[in-house]
Every structure is written in C-alpha cells, then in structure tokens.
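**Q** Build me a model:
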Amino acid sequence: MILHLSLNLRLINKMILHNDLFSLAVFGLCVVGLLSCQQRQPEAGAKQEEEEAKVTFVRDELSVQHGQELFNQYCAGCHSFQENMIGPNLSGVTSQVDKTWLISFIKNPPAMIDGGDERATALYEKYKQYMPAFHMLKEEEIEHILGFIHKFSEGEKKNRNNRPGGLLNPVAEKILMSDLSLVVEKVLTVPPSADTPPVARINKLLAIEGPSGERLFLHDLRGKLYEIVDNTPRVYMDMKAEMPKFIDNPGYATGLGSFAFHPAFAKTGLFYTIHTEPERTAPADFAIADSIRTTLQWVLTEWKTEDPNAGSFSGTHRELLRADMVGSAHGFQELTFNPLAKPGNPDYGMLYLGIGDGSAALAGYPFLCDTVGKIWGSVIRIDPAGSNSANGQYGIPGDNPFVNQPNALGEIWAYGFRNPHRISWDTGGSGKMFITNIGQHSLEEVNLGVAGAHYGWPEREGTFLFDVNANPELVYPLPEDDQGFTYPVAQYDHDEGNAISGGFAYAGKKVPLLKGKYIFGDIPRGTLFYAEVKDMELGQQAPVYGLSLEYDGQKTDLETLTQNKRVDLRFGTDGAGELYLFTKSNGTLYKVIDCKKTTVALGSQP
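**A** Reported below is the predicted structural model:
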C-alpha cells in the first residue's frame, strides 16, 4: 500500500505535461480504490462482498472490445494489469471501488472534490491536484472502459505463475483501409428460425454440379439444409426430422455445423454432415474420461440419397465418428473436400474436418488439445470409403503425416488449433490451402495448411506466446529459443476485430480487381479485409487491408445493412468462383457483383 501511494507528484505532472488526462483520472481512481480497500472494516466484509456480487459490468465481446480500444487510445501507455508503470497496476480496481462512484469520478472529479466526497477529497489532499473532468465521454463509453478493465482484472486472478510482460496491444500497427470497395446485391433472405437475432444461423454456402448445371446449397445451424432454386431457399433436408437427438443449443456454432458433398455426388449420392447431440448420448469414438465433465457430443454422418438429382433428401445414413466435448464452443467446424483434387490424385475423396479444442485448454485440460494423441484442436483427414479406423467406419489415409507414429492418431493431418473455423483452397492459381483459426482474446489467424504442422495452441496465439497458467486475456513475447511451431501468414489483433471469418482467394472472372486476393472478415463486427495471396508465405506476415462496402448505390457497412451491432459474417462462393457474403443476424445472402476504386487514399484507417 505504501509503495502504491508513494508515487510522487512528479509522475502526475508528467501526465499533465503529456496531456494524458484520461490516464490521470484512472490513476486517481485506482489510488482511491486502494485507499478504500485499506479502509474496509472486517465486520463489514461479508455485507460488502454481498453488495459487490450484485454489481455488473458489460461482458459482451463488442462492448468489451470497444472498451479495450478506448483503453489503448488513452491510457495503455501509463497502465497495465500486471505492474506499476507511470500509473499504478489496474488489476482489481473494479472490485475494490464502488462502480457508481467510479463512473461519477471519471465524469467529473472536481465536482466531487468540491462537493466534499470523502474519497475524492482524500485523493485531493494526497496529491494537491484537481483531476480533470471528462464530460466528453458518454456513459456507454465509460461502461465499456470499466467492462474491459473488469474483464482483464478477472483474468489476472488466473495468472497462477505470475508471468510478467503481457501485451494489451500485440499488433501495434493499425490495419490500413484500401481504396477498394465491394459492391453487393441482395440475393435472398432465409426463412427465420428464431424471433430474435440471429434470425437464421446461416453458416455455409456450397456449390456442386448437377445434371442441369450448378446447384447451390446453404444451411442454417438450427437444422435445415436448403437448396437455392431461382433465388429461393427450398428445404433439402431437415436435421431435426432425421436425427431425434439433434440439438442446436446453446449456440456457439452448435447444431448442424457444416456439410460437404462427395466430389462424385452425382454418381454416388453421398454427402456428409456434422451435428451436435447431448452429452453421453452414445459411446464416443473419441471419448473424454468420466472424471471430466462434458457438455455435448459432435457427430460426423454419411448420407446416401436415393436420387442425387432430387430436390429433397430421401435415403439412408450411417455414423462415421463421434467425439465428446468439454464445452459447447470450439467444436467440429469446417467439413470439406479438396476441390483441386481430381480422380487419381491421392487427395481425391479425402474428407477434411476442422475440430476445435472444445474449450478444454482454459477449462483446465490443455493436455486434451496439445498432442497428436488426441483429436481435439486438430484438422483431421479421413477416407469415408475406407474401414481401417478403430471403429471400422472410415479409413485412415496411408499418406497422413502421423500414420504409424507411436501414440499418435493417424487421422490427424495438422494440429495446434483453438478453433479452425474455415478451410479453403485457392482454386484460381496458387493452390494454397488456407485454415483460419479463431483466437482467445488477442489474435486472429490465417494459416497456410501444411501436413504435420503444429500451429501452436495452447502454447501460441498468432505470432505470440500464450500461457494457460497466466492471464488468458493476454499474450506474451515469444521466447528467444522459439522453435517447432508454424505461424500464421496473416493476422490481426482485437482492436481490429473479435473473431475471424475465414474466406476465399477470389477465383471468379466478373470482378477482376479481386484477382489474387484472399477475402476474409470479422464475424461479429462484419469488417471486411483482404491480403494478397502472393504475400501469404510461411515465415512472414502478409499486410492486411480493409475493404469498404457499397449497396444499392450507397456507401455502407454490414452493421448498417443488417441493423445489428453483431453482424455474424460468413463467406461463400459459387461454382464459378464468384464471392458471396451472408449475415446470420438478418439471415440474408449477398453477392459481390463488382469492386470499385474509391477516392479513399490507401493508408487511411477504417
């Protein structure tokens, strides 16, 4: 306590000279927080803790992220959550000082001092300084700042090994806005599957060749697989009707997670889905010990339709594999075949499945997702037509990287992912395989797919160190002896977004300005990005640029277009390689019909 309060007036004057008024105010409220904590009476402890339990701070990701942006803008240069800097350590201030008082103090410290507030007066007597008023900050902005401070303070309580050096803003360079604007038109809106956003949890768009031309499919996580006919969604299959144990709660990508048609679907009638069922519904092929609580199971199913040309499914199905999950988030994600593999190619007919860590890493079970001996946190590659798996329901390709390796699963093709959200290939030239990985609270990744590679989680997040025994809201600099990991070829941090929405290298012909560009975005915010495919090489970071948006002749953005702060953005392509955007918040599919050069100078910020 004495150490904290011995910070002298020279430091406060330094803040004033640098016009760091916000840091000065937070500095003051933290010191007052320490004073109030010191003055708490033991007999009042239980009552005060009961009252504190009633205090709430904003917790939704967009609000907390906005708070982080404000924090990084105004006070990160003077404060951290781990050590005293120019200002004191902020860890714990939201639990030590009454929230109402904090809000009032940030708004107008001089008024509180002049009004005789005990805490404010004590601060003034200590430093002989009036803290500046912040009338310009909206109430919502203060709530967001405190929500951010509270979240990171709570995270610091989990720093069991007291690791120092956490990075609040790991990628200091801001993403620059390009001079390119995507022009989109509305294609359709899917029938609502809920009364409140997201009204339709549309998640994947996929094109296949049919006898009369292209067929386009789109699915809703709540169970329906649609075929789009004349810009109208028609139900091809309803998972709820087919699978009595099907569940789509509690969200977090649960439900009908993804689907993929066999490249010879027109002949075989085979396609594949992943979906969720309640915990312990059936014995799992990849089981978690009974001593560890599980939340649900993910199931991979093969379907055989009687008539591949029919407009609705009628046929049979069989289960290929089933896996337990610790948590409801980060489950089975992308299900796909390599579109570049043709008959005779060893990758033809091999099915890829991205599997998240099931929240195991931060639930206390990192050993479940940091090894080639477990399926969680990996991309697997299997042969649905084979039978040499442990359960005999699928094959393990002989050219998989860990086949015949002791204590390894032959199914694993690559590992070290927290949430491998999307997998795609550049079908327009380079043939590169892209695997996007949603990060914890710091970095979002675009990776190049490499057989046998370890992408780092839960020891790495982006090009930074992650420590499950430290503050989970922070990353740390890499050690000098770093080795053994494959790092992303493009990344952005959480003052630019929250969760990456994996996209595609543009392979169409109608929008030439997009040629050679990998288009992706941010799920919650709906921000649009691109990187040049030629710059996306192992061992380096490709620059990421922002894209603007035009709809109906007007410049806009997806938040405005969807009328929702959480956009829930996804990408898809048709058989010609043309690009589509779709948004779960309003259940709407848009097609990119053009890309224009704008008057925005390259280098300005979004």
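
**Q** burial measure for residue 314, as a count.
**A** Per other Cβ atoms under 10 Å, the neighbour tally for residue 314 reads 9. The C-beta positions use only the backbone N, C-alpha and C, and glycine is treated the same way.

**Q** Once you drop chain neighbours, what's closest to it?
**A** Nearest residue to residue 314, sequence neighbours excluded (Cβ to Cβ, 6 or more residues apart in numbering): residue 306, at 5.2 Å.

**Q** so who does that neighbour touch?
**A** For residue 306, the contacting residues are 269, 314-315, by Cβ atoms under 8 Å, 6 or more residues apart in numbering.

**Q** Residue 514 now?
**A** Residue 514 touches 506, 508, 530, 579, 592, 595, counting by Cβ under 8 Å, 6+ apart.

**Q** just to revisit the earlier point, and of the contacts of residue 306, the nearest to residue 426?
**A** Each of the contacts of residue 306 was checked against residue 426 using Cβ to Cβ; the closest is residue 269, at 29.2 Å.

**Q** just to revisit the earlier point, give me the pLDDT for the residue nearest to residue 314.
**A** Looking at residue 306, its pLDDT reads 97.

**Q** Could you list the low-confidence segments of this protein?
**A** 1-55, 75, 77-79, 82-88, 123, 127-132, 600-606 (pLDDT under 70).

**Q** Spatially central residue in it, please.
**A** residue 499 (2.6 Å; Cα atoms, centre = their mean).

**Q** shouldn't that one be in contact with residue 526?
**A** No: applying Cβ atoms under 8 Å, one finds residue 499 not in contact with residue 526, separated by 11.3 Å.

**Q** got the residue ranges for the helices in the chain?
**A** 2-5, 9-17, 21-39, 45-53, 61-74, 93-96, 99-107, 109-114, 118-127, 139-156, 239-242, 265-268, 558-562 (DSSP state H).

**Q** Show me what the last one is in contact with.
**A** Spelled out, it's helix 558-562. Counting by Cβ under 8 Å, 6+ apart, 525-528, 549, 551, 565, 567, 569, 581, 583, 585-586, 588 sit against helix 558-562.

**Q** repeat that with 10 Å
**A** Contacts to helix 558-562, defined as Cβ atoms under 10 Å, 6 or more residues apart in numbering, come from residues 62, 184, 186, 197-199, 521-522, 524-528, 549, 551-552, 554, 564-569, 581, 583-588, 590.

**Q** Would you mind checking those for buried ones?
**A** Among the contacts of helix 558-562, those buried by neighbour count (16 or more other Cβ atoms under 10 Å) are 62, 184, 197-199, 521-522, 524-528, 549, 551, 564, 566-569, 581, 583-588, 590.

**Q** Who's the closest spatial neighbour of residue 184, skipping the chain neighbours?
**A** In space, residue 184 is closest to residue 590, 4.1 Å off (Cβ to Cβ, 6+ apart).

**Q** residues contacting that neighbour?
**A** 182-188, 549, 551, 558, 561, 579-583.

**Q** how about 7 Å then?
**A** Applying Cβ atoms under 7 Å, 6 or more residues apart in numbering, we find residue 590 in contact with 184-187, 580-582.

**Q** Next one: the nearest residue to residue 198 once chain neighbours are set aside from residue 246, what distance?
**A** Computed as Cβ to Cβ, 6+ apart, the closest residue to residue 198 that is not its neighbour in sequence is residue 584, at 3.7 Å. Separation of residue 584 from residue 246 (Cβ to Cβ, to the nearest Å) stands at 19 Å.

**Q** mind putting the contacts of residue 306 in JSON lines, distance to residue 369 included?
**A** Formatted as JSON lines, the contacts of residue 306 follow (distance: Cβ to Cβ, whole Å):
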{"residue": "269", "distance to residue 369": "35"}
{"residue": "314", "distance to residue 369": "39"}
{"residue": "315", "distance to residue 369": "35"}
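
**Q** Which ones among those map onto strands?
**A** residue 315 (DSSP state E).

**Q** of the contacts of residue 306, closest to residue 450?
**A** Among the contacts of residue 306, and counting by Cβ to Cβ, the member closest to residue 450 is residue 269, at 33.4 Å.

**Q** ok, back up a step: any idea how far the residue nearest to residue 314 is from residue 338?
**A** Residue 306 is 27 Å from residue 338, by Cβ to Cβ.
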